[in-house]
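Asks: I need the structure of the sequence given here:
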Amino acid sequence: MAPWSEDLIPLKDARTLDGLFFQRVRRSPDRPAYMSRQGGPSWQTRTWRDMALEVARWRDALLREGLNPGDRVAILLRNCPEWVVFDQASLSLGLVTVPLYTDDRPENAAYILRDSAARLLLVQDANRWKRLSEALHGGTVLSRVVVFESGRSASHLADADPRVVTAGAWLPASGGVLAQRNGEPDELATIVYTSGTTGRPKGVMLSHSNILSNAHDSLTAIDCYREDLFLSFLPLSHSLERTGGYYLPMMAGSTVAFARSVAQLAEDLQSVRPTALIAVPRVFERVHERMMGQLRERSAVARWVFRTAIRAGWRRFEREQGRVGWHPLLLLWPVLRRLVADQVLGRLGGRLRIAVSGGAALPKEVARAFIALGIPIVQGYGLTETSPVVSVNRLSGNDPESVGPPLRGIEVRIGEADELLVRGPCNMIGYWNNHASTAGVLDADGWLHTGDQARMGGQGHLYITGRIKDILVLSNGEKVAPADMEMAIALDPLFDQALVVGEGRSFLSALLVLNADLWNGLAREYGLHPERIESLSDPRLLKDMLKRVREALREFPGYAKIRRVTLLLEPWGVENGLLTPTLKVKRSEVLHRYRDEVEKMYDLEV
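Replies: Residues are numbered from 1 along each chain as shown. I've put the predicted structure just below:
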């Protein structure tokens, strides 16, 4: 393989996000830009020149709609090259893009379209538009709906509604010549609606310079090369993926492959063989759960070899980080790497040189296992309101229990109640149409109040210690951060999801969603009928599940003890309104849905 080479585009040359694209096309017209498999048997590659031709077509189509700079256009599309094309075509006209989640509830998407006053919508297919239009009830200023996937249903919709067109009919055969516009870096580029765990989502206003500076400063923390190949599977409507998996690779000249789906991720990892990966912790947790499940079915010798590989690999990592000295266990590492570590790395394509985890805390057991086996995971921290990256571990200074030092140019400090405050060029302009909420998080000195509790550690590392609003206060005054407990419980393969409750109570309880694949076997072990709801309340089963929970929490303080549990089978998902599109539990919604079950756990409260 040719040596790794850098080709970073300076901020002064890009100026805007569409200027970044123009500069990349100018620099690397014939280099691979994007790979995708849209229904075909093999991966198709598009060069930057190919992308420029498509952007020109979409730009000309948008020009015909009579839109003005500053108008909002929304996109409800799975990750694909056309997501980038539409975004770049819109930005090149000074339009403001509003991304929507493809798996979000229609009511949420309808609210965003109304609140942002979007004039045009690009939607994946006819079925999605039908569900969305039913939720809209006509209360928008949408003047054009472009259905990306053609077909009979899309054609029928176009015939019935003059606003609706198929992309094939709407796009011209070719477009004009692209030129870099004289846009201002501080112009509004996008409104990204936060998937709040309570209340309506708020529209975060981000400028071109907010996002460009964040991508650039991220590249000063983590090297990225022209030869890098990213595999993109987090939704591009997620700020971490959009900045880190779209604009950042463009700035560096890297190639991005769009995974087909989460279900096909394992196969795509094998065929694409990426060098860089961005994910939320749940992805790593699921891989870890499968790995541990398979290990339990192996022989005692195989389990011993695996555990020894973890110990030796972790010692190797700690020594490379300069935190420990030599140990005889390191003599075993070359053999254990071939027997264990190379097999695990091979499942991820075998070429991964960096994996970034963000969006939530990565359980330390999961981080330890992967890092020990040679998978270079670095954890970071950020918010949509900070474009989004605030801090990230460096490969040469990686403390998996921290979220790393702040990026260059970003100031942090610890405020009242240990709240983390952030100030820098990445801070949002404010919330769209919501001055009160803006004033609540952005103070007069430019500090953004994150709502997260943190402490500063050695070498400038940040440690997130809790969430101000998520702290449970027991009736005895003890304060408990439920997120860490829930994360520890969910590491048990029997429990897919957990919610710790106890605000104002004398003790803690938990709602537990059982792993559906394991429930039948578990029920048979206890002589229970798996399809009878009363089986979930069997006293013997509840007693043993409580033991498992307490074992998972053995390292927590004594007051952080679960005394009762309720077992559930229905997963908490986006479709039933219990998860946000970024897969965060809507605590208030879950508590409302299961308020009777929670009260039963406290009926005998003493």
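Asks: can we go C-alpha only for contacts and neighbour counts from here?
Replies: Noted.
Asks: the residue lying closest to Val585 once chain neighbours are set aside and Lys586, how far apart?
Replies: With sequence-adjacent residues excluded and distances taken as C-alpha to C-alpha, 6 or more residues apart in numbering, Val585 is closest to Leu579, at 4.6 Å. Remark: distance between Leu579 and Lys586 (C-alpha to C-alpha, to the nearest Å) = 5 Å.
Asks: got it, and Gln321?
Replies: Distance from Gln321 to Lys586, counting by C-alpha to C-alpha: 38 Å.
Asks: so those two - more neighbours on which side?
Replies: Neighbour comparison, Gln321 and Lys586: the larger count goes to Lys586, with 20 against 14 (by other C-alpha atoms under 10 Å).
Asks: settle this for me: that one is touching Asn576, isn't it.
Replies: No: with contact defined as C-alpha atoms under 8 Å, Lys586 does not reach Asn576; the gap is 10.8 Å.
Asks: can you tell me the SS state at the closest residue to Glu318 other than its chain neighbours?
Replies: Distances taken as C-alpha to C-alpha, 6+ apart place Val324 nearest to Glu318, at 5.9 Å, with adjacent residues excluded. Recorded secondary structure, Val324: coil (DSSP: H, G, I helix; E, B strand; the rest coil).
Asks: and the nearest residue to Leu295 once chain neighbours are set aside, what helix or strand is that in?
Replies: If the residues on either side of it in the chain are set aside, Leu295 comes closest to Arg303, at 6.3 Å by C-alpha to C-alpha, 6+ apart. Using DSSP states H and E, Arg303 sits in helix 300-320.
Asks: in the helix or strand just after that helix, what counts as buried?
Replies: Beyond helix 300-320 on the C-terminal side, the first helix or strand identified by DSSP H and E is helix 333-336. Across helix 333-336, burial judged by 16 or more other C-alpha atoms under 10 Å covers 333, 336.
Asks: how about the backbone phi and psi for the residue nearest to Trp314 when sequence neighbours are not counted?
Replies: The spatial neighbour of Trp314 that comes closest, neighbours along the chain excluded (C-alpha to C-alpha, 6+ apart), is Ala372 at 4.3 Å. Reported as degrees, to the nearest 10, the phi and psi values for Ala372 are phi -60, psi -30.
Asks: from Glu297, how far out is Ala372?
Replies: Applying C-alpha to C-alpha to Ala372 and Glu297 gives a distance of 22 Å.
Asks: who's more crowded, these two?
Replies: Ala372 (22 against 10).
Asks: hmm, the more buried one is touching Gly313, no?
Replies: Yes: Ala372 lies in contact with Gly313 (C-alpha under 8 Å); the separation is 4.1 Å.
Asks: domains in the chain, by residue range?
Replies: Annotated domains of the chain cover 11-183+222-277, 471-601 [automatic domain parsing].
Asks: which one of the ones you listed lies closest to Trp4?
Replies: domain 11-183+222-277 (6.1 Å; C-alpha to C-alpha).
Asks: that closest one: how far from the chain's middle?
Replies: Chain-centre distance of domain 11-183+222-277: 18 Å, with C-alpha atoms, centre = their mean, to the nearest Å.
Asks: pLDDT of that domain, averaged?
Replies: Summarised as a single mean, pLDDT over domain 11-183+222-277 is 95.
Asks: again, but for stretch 346-358
Replies: If you average the pLDDT over stretch 346-358, you get 94.
Asks: can you list the buried residues in that stretch?
Replies: 348-352, 354-358.
Asks: residues in contact with the helix holding Arg303: which ones?
Replies: For helix 300-320, the surrounding residues in contact (C-alpha atoms under 8 Å, 6 or more residues apart in numbering) are 295-296, 324-327, 329-330, 332-333, 336-337, 340-341, 368-369, 371-374.
Asks: which residues does the residue nearest to Val585 contact?
Replies: 197, 572-573, 585-586.
Asks: between those, which is nearest Ser387?
Replies: Nearest member of the contacts of Leu579 to Ser387, counting by C-alpha to C-alpha, is Thr197, at 19.1 Å.
Asks: enumerate every residue touching the residue nearest the centre of the chain.
Replies: Centroid-nearest residue in the chain: Val280, 4.6 Å away (criterion: C-alpha atoms, centre = their mean). Listed by C-alpha under 8 Å, 6+ apart, the contact set of Val280 reads 234, 357-360.
Asks: want to throw those into JSON lines with distance to Leu491 and secondary structure?
Replies: Listed next are those as JSON lines, based on distance: C-alpha to C-alpha, whole Å; DSSP: H, G, I helix; E, B strand; the rest coil:
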{"residue": "Leu234", "distance to Leu491": "22", "secondary structure": "coil"}
{"residue": "Ser357", "distance to Leu491": "17", "secondary structure": "strand"}
{"residue": "Gly358", "distance to Leu491": "18", "secondary structure": "coil"}
{"residue": "Gly359", "distance to Leu491": "18", "secondary structure": "coil"}
{"residue": "Ala360", "distance to Leu491": "15", "secondary structure": "coil"}
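Asks: check the residue nearest to Trp314 and give its pLDDT.
Replies: For Ala372, the predicted pLDDT is 97.
Asks: swap in Gln459?
Replies: 89.
Asks: specify the local secondary structure of it.
Replies: Gln459 ends up helix, using three-state DSSP.
Asks: mind checking how far it is from Gly577?
Replies: 41 Å.
Asks: and for Gly253?
Replies: 39 Å.
Asks: which of these two has more neighbours?
Replies: Counted by other C-alpha under 10 Å, Gly253 and Gly577 do not tie: Gly253 has more neighbours, with 28 against 17.
Asks: grab the nearest non-local neighbour of that one.
Replies: Arg226 (4.9 Å).
Asks: got the contact list for that neighbour?
Replies: Counted by C-alpha under 8 Å, 6+ apart, Arg226 has contacts 4-7, 252-255.
Asks: re the thing from before, TSV for the domains of the chain, including distance to Thr386?
Replies: TSV is the format used below for these (distance: least, C-alpha to C-alpha, whole Å):
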stretch	distance to Thr386
domain 11-183+222-277	9
domain 471-601	16
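Asks: and those, which is most packed in?
Replies: Ranked by mean neighbour count, those are led by domain 11-183+222-277 with a mean of 19 (mean count of other C-alpha atoms under 10 Å).
Asks: okay, how far is it across it, tip to tip?
Replies: End-to-end distance (C-alpha to C-alpha), domain 11-183+222-277: 24 Å.
Asks: do a quick rundown of the helices in the stretch 501-606 of the chain.
Replies: Along the stretch 501-606 of the chain, counting by DSSP state H, counting those that start in this stretch, helices occupy 516-525, 539-552, 587-593, 595-601.
Asks: how about those in TSV, adding mean pLDDT and distance to Ile211?
Replies: Shown next, in TSV, are those (pLDDT from 0 to 100; distance: least, C-alpha to C-alpha, whole Å):
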stretch	mean pLDDT	distance to Ile211
helix 516-525	93	40
helix 539-552	94	40
helix 587-593	91	30
helix 595-601	93	41
